[in-house]
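Participant: coordinates for the following, if possible.
(one chain, ligands or ions: 1)
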Amino acid sequence: MKINQDFDKLVPNYLFAEIAKRVNEYQASFPEKDIIRLGIGDVTLPLAPVVVEAMKKGADDLACKETFKGYPDYEGYAFVREAISDYYKSFGVSVSADEILISDGAKSDCGNIGDIFGKDNIVLVTDPVYPVYVDSNIMAGRKIIYADSNKENGFKAMPDESVHADIIYLCSPNNPTGAAYTADELKKWVEYANSNDAVILYDSAYEAFISEDLPRSIFAIEGARTCAIEFCSLSKTAGFTGTRCGYTVIPKELERDGHNIYKLWYRRQATKFNGVSWPVQCAAAAVFSEEGQKQIKVNLEYYKGNARIISAALDELGISYTGGKNSPYIWLECPDGMGSWEFFDLLLTKANVVGTPGAGFGKNGEGFFRLTSFGDRDKTIEAVERIKKLLKA
Ligand code: MLT
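Facilitator: Numbers count the residues shown, from 1 in each chain. Below you'll find the model as predicted:
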């Protein structure tokens, strides 16, 4: 037998698994060190009380013959999809409940969506890029081309009319750079996708962090319904990184190559995925209730406060950065022309602070570094104090 030879083209480890490995090795060598982790974008606050209540009630339902639930509907329960559809309405975007499919997160859907597309499609990603888009397409044997996001364009790559792509991954607010596209900029991508018969795979996992007047969904843009799929997640919005729940939106009219895209994705999911558990879907619906929205906003404000603390420290140090405003990520230029991994090692060993080396997100990430605002408040304050002390010395 043969394994999938395309796996040999991958970097040896998934970026965040590699970082965890290096940090754990360091901790094992120096068990007394108090390491502060601002690397992976993992939340630290507990789930909102109303969400926990709904999850407990869902668990109780499973303990009783009358309310017990087995396999969920393949596309997710209607009441959850309706709650999400109403949520979209709250920021002026019309997406119907039967265009939404519930999943265990945006990462899985972004990685798995490739199942429905042919191998010969050209995939375009913006660089720096969330490694899932690249790695999952390398595994599938597709050709990947890169659009440069850099300091000059504010880390917002724009389409090049002279280049053809079939599948386009966009993430806004962006992971890792925190940069967020304006409606006019997204319009250009939508026009490009429609004129290339391409599909935009739009990752809106960080939309809840938008505080300025910027699009929260690709479907806020005219023309997107004929060229876009949107992936969103409750991981960062409502602290579901461990709980697992997300959703994918596919307009019913989206067709390519004589096929309806919603139907293809439904077919794929029904074959390979058996849905999100009843207690978790109950918890997800509670996120979109009036009380749920109030409670998750408190947590989002906490993280935004952390972002302000990190940004203020960088301002004080004269280090340039993007993000932190409409995004939980702060993307900074490594000081003194240091390489990303060099800076990673310096922070880990001299300040015992973990961040994510920009080079792990692609060639344009070299010389940059990502810090997350999802940490504990006191630890974030302690981390920036350590960083200031180190870099001012
Ligand atoms: C991130 O920190 O970019 C993501 O949370 C990591 C991941 O999805 O693996």
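
Participant: next one, pLDDT for the residue of the stretch 1-150 of the chain found nearest the ligand please.
Facilitator: Among the residues of the stretch 1-150 of the chain, residue 41 lies closest to the ligand, at 3.1 Å counting by Cβ to the nearest ligand atom. Heads up, the C-betas are built off the backbone N, CA and C, glycines and all. Reading off the confidence values, residue 41 has pLDDT 95.

Participant: I figured it hits residue 329, correct?
Facilitator: Yes: with contact defined as Cβ atoms under 8 Å, residue 41 counts as touching residue 329 (6.8 Å).

Participant: between the two, which is the more surrounded one?
Facilitator: In this view residue 41 and residue 329 are compared by other Cβ atoms under 10 Å, and residue 329 has more residues nearby, 29 against 21.

Participant: mind listing the helices for the protein?
Facilitator: In the chain, the segments counted as helices under DSSP state H are 15-29, 49-61, 78-90, 106-112, 131-139, 183-195, 234-238, 261-272, 278-287, 290-317, 340-346, 377-392.

Participant: and those helices as CSV, adding mean pLDDT, distance to residue 207 and mean neighbour count?
Facilitator: As requested, the helices of the chain are exported to CSV (pLDDT from 0 to 100; distance: least, Cβ to Cβ, whole Å; neighbours: other Cβ atoms under 10 Å):
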stretch, mean pLDDT, distance to residue 207, mean neighbour count
helix 15-29, 97, 21, 14
helix 49-61, 98, 18, 17
helix 78-90, 98, 10, 18
helix 106-112, 97, 11, 21
helix 131-139, 98, 17, 20
helix 183-195, 98, 12, 19
helix 234-238, 98, 8, 25
helix 261-272, 98, 20, 16
helix 278-287, 98, 13, 25
helix 290-317, 98, 11, 17
helix 340-346, 98, 27, 19
helix 377-392, 97, 23, 17
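
Participant: how near is the residue of the stretch 1-150 of the chain closest to the ligand to residue 360?
Facilitator: Applying Cβ to Cβ, to the nearest Å, one obtains 13 Å for the distance of residue 41 from residue 360.

Participant: before we move on, what about residue 108?
Facilitator: Taking Cβ to Cβ as the criterion, residue 108 is separated from residue 360 by 20 Å.

Participant: ditto for residue 284
Facilitator: Applying Cβ to Cβ to residue 284 and residue 360 gives a distance of 30 Å.

Participant: residue 129 contacts residue 362, correct?
Facilitator: Yes: distance between residue 129 and residue 362: 5.1 Å, which falls inside the contact criterion (Cβ under 8 Å).

Participant: any shared contact partners between these two?
Facilitator: With contacts defined as Cβ atoms under 8 Å, 6 or more residues apart in numbering, the residues adjacent to both residue 129 and residue 362 are residue 146.
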